[in-house]
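Asker: here are the coordinates; sequence isn't available:
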């Protein structure tokens, strides 16, 4: 189970081990968690912590893409190492097959037959895949199944 205390303990261990990448990454994550707590006016639970980690991972992925476009090889390696640290805290993502199976179950549960009912399917499916698949991938999978592609 992921908690803010666990992240803080890992930060302390990284400081003791002089692991600069892990230390820098965890400090950024803890700062993002604090900002999210201030916005929410309450502490974050595990799904919300995972959402913060996913947001941070997405930022690193976008940074890597931008650095590649700008041909800045010097920026890519640090972002990739930070991304590796973040992925160690995220749950294992669903495979395409697992996601399709979950989508089929949701479609049969709703009784959906057309793309017009995609919203109902997504409403049932998203809580089941929270933290393990992004909305775009889920949407594409459901759309493909409903259109018969």
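Answerer: Yes, it's here. Bear in mind the structure is a predicted one, so any value in this text is a computation, not a measurement.
Asker: can you give me the helices for this structure?
Answerer: 4-17, 20-40, 46-69, 73-87, 96-110, 118-129, 135-147 (DSSP state H).
Asker: mean neighbour count and mean pLDDT added to those helices, as CSV?
Answerer: Using the backbone N, CA and C atoms, a C-beta is placed for each residue, glycine as well. As requested, those are exported to CSV (neighbours: other C-beta atoms under 10 Å; pLDDT from 0 to 100):
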stretch, mean neighbour count, mean pLDDT
helix 4-17, 14, 94
helix 20-40, 16, 95
helix 46-69, 16, 91
helix 73-87, 16, 93
helix 96-110, 16, 88
helix 118-129, 16, 86
helix 135-147, 16, 87
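Asker: next one: residue 9 from residue 100, what distance?
Answerer: Look at residue 9 and residue 100: by C-beta to C-beta, to the nearest Å, they are 38 Å apart.
Asker: right, I mislabeled it, should have said residue 128
Answerer: Using C-beta to C-beta, we find residue 128 at a distance of 13 Å from residue 100.
Asker: cool, thanks, talk later.
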